[in-house]
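K.L.:
Just need the structure, nothing else, for what follows:
(one chain, ligands or ions: 1)
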Amino acid sequence: GERTLAMIKPDGIVGNHTHFIKTTILASSFTILQEITLQLDRHTAQGFYAEHSSRTFFPDLIDFITSAPVLIMVLDKVSAVSDWRALIGPTDASKAKLTHPHSIRAMCGVNVQRNCVHGSDSTKSAAREISFFFNHTDSG
Ligand code: ATP
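P.N.:
Residues are numbered from 1 along each chain as shown. Below you'll find the model as predicted:
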């Protein structure tokens, strides 16, 4: 299959959405290849979100993503990248509640920042993000 990086963000962890999200992942035929819970420090968060470093929301994003632990997973499935993006729904959870009410962000998120989960947006991003958090000495 294909691999993507999924992250349950601080609002998902603090809001006790972890069990629901993992159950949804497994019910959607993804395999969870690796997982780790981390408290991101600011340096790591800035590296992960480097592509957003010039955005006005960047300082708030770093404050938010370092505010509590995150759960990071490597998911495997045919078309994992697009399937996971479809399952999580639009970036803005407040809009997702109207347009994609069964998406994870609609059900667990609050707004454009507190949107509960992350998903790689391309296979290229997925490769970068997976190697950012995991080394793959055990993968084929
Ligand atoms: P992610 O990369 O987390 O899966 P995404 O690809 O849907 O989200 P991006 O545009 O890449 O969305 O934004 C990355 C993250 O930055 C968002 O998930 C959200 O937490 C935060 N963010 C994006 N836009 C805003 C905004 N206008 N105000 C506050 N935070 C934002």
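
K.L.:
Residues of the chain that sit close to the ligand?
P.N.:
Contact residues, the chain versus the ligand (CB under 6 Å from any ligand atom): 52, 57, 60-61, 91, 112-113, 115, 118-119, 121. In this view, the C-beta of every residue, glycine as well, is placed from N, C-alpha and C.

K.L.:
Filter those residues down to the buried ones and express that as a PyMOL selection.
P.N.:
Here is the PyMOL command that selects the buried residues among the residues of the chain next to the ligand (16 or more other CB atoms under 10 Å):
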select buried, resi 61+113+115+118+119
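
K.L.:
ok, the residues of the chain next to the ligand vs residue 79, which is closest?
P.N.:
residue 119 (12.4 Å; CB to CB).

K.L.:
could you dump the residues of the chain next to the ligand to CSV with pLDDT, distance to residue 38 and secondary structure?
P.N.:
Conversion of those to CSV gives the following (pLDDT from 0 to 100; distance: CB to CB, whole Å; DSSP: H, G, I helix; E, B strand; the rest coil):
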residue, pLDDT, distance to residue 38, secondary structure
52, 97, 19, helix
57, 98, 22, coil
60, 98, 20, helix
61, 98, 16, helix
91, 98, 22, coil
112, 98, 23, coil
113, 97, 19, coil
115, 98, 19, coil
118, 98, 13, strand
119, 98, 17, strand
121, 98, 21, coil
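
K.L.:
residue nearest the centroid of this protein?
P.N.:
Centroid-nearest residue in the chain, with CA atoms, centre = their mean: residue 118, separated by 2.1 Å.

K.L.:
Flag the shaky bits of the chain, pLDDT-wise.
P.N.:
The chain contains residues with pLDDT under 70 at 136-140.

K.L.:
Break down it into its helices, ranges please.
P.N.:
10-14, 18-27, 42-48, 58-65, 80-88, 93-99, 104-108, 123-133 (DSSP state H).

K.L.:
closest to residue 2 out of those helices?
P.N.:
Closest of the helices of the chain to residue 2 is helix 80-88, at 4.3 Å (criterion: CB to CB).

K.L.:
helices or strands up against the closest one?
P.N.:
strand 2-8, strand 70-77, helix 104-108, strand 117-119, helix 123-133 (3 or more CB pairs under 8 Å, 6 or more residues apart in numbering; DSSP states H and E).
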